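[1] Next comes the sequence, and after it the predicted model I'd like to discuss.
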Amino acid sequence: MARAQAIVIKDMQILMVQHKDAQTEWWCLPGGGIEENESPEECVIRELYEECQVNGKIIRQTSHSVHDDGFQSYTYYVDIGHEQPTLGFDPNELSKNYRLVDVKWMKLEEIPERDRAYLWASGLIGVSDFSKVVETWGNEISLPKGP
């Protein structure tokens, strides 16, 4: 199985979608599962439209990761021009125990640390001025306490 997702930036804010299941809510980049005979590039544009109701143009790929179980994730930096995102849908909601509940532009400091970690792994550090943000962080250890 594989997933493709979009990094969309406007005024140092990241387009994020919120999912919810019976126990938890989380923010992530717009994206989803790559369908049979679909390229990751086709998938990311389709998913962006489904979840955020906007058309996008891929600028470049920012990451490709392969997990221990073989799952692959592709991330693309995508431009949506002046289109305004609105809450769309996730066709998988009908067959799974989760749903899409919100879409919005978010500043880094508004995103929970757990969800923010996935953004850096998806290549956010190489997009726009976000590497300059990291340079301001200093040397303090700030890892949240585990369970």
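    Cool, the structure landed.
[2] so what does the longest helix belonging to the chain touch, helix or strand wise?
    Selection of the longest helix in the chain by residue count, based on DSSP state H, yields helix 40-52. Helices and strands touching helix 40-52, by 3 or more Cβ pairs under 8 Å, 6 or more residues apart in numbering; DSSP states H and E, are strand 2-7, strand 13-21, strand 31-33, strand 57-66, strand 72-79, strand 98-106. C-betas here are computed from N, CA, C, even on glycine.
[3] The spatially most central residue of the chain - nearest residue in space that isn't next to it in sequence?
    The chain has residue 29 as the residue nearest its centroid, 1.4 Å off, counting by Cα atoms, centre = their mean. Across the structure, with Cβ to Cβ, 6 or more residues apart in numbering as the measure, the residue nearest residue 29 apart from its sequence neighbours is residue 5 (4.1 Å).
[4] tally of neighbours for the closest residue to residue 3 other than its chain neighbours?
    If the residues on either side of it in the chain are set aside, residue 3 comes closest to residue 73, at 5.0 Å by Cβ to Cβ, 6+ apart. Using other Cβ atoms under 10 Å as the criterion, residue 73 is surrounded by 21 other residues.
[5] beta partners for residue 73?
    The residues listed as beta-bridge partners of residue 73 by DSSP bridges are residue 3, residue 65.
[6] quick one: pLDDT of it?
    Per-residue confidence for residue 73 comes out at a pLDDT of 96.
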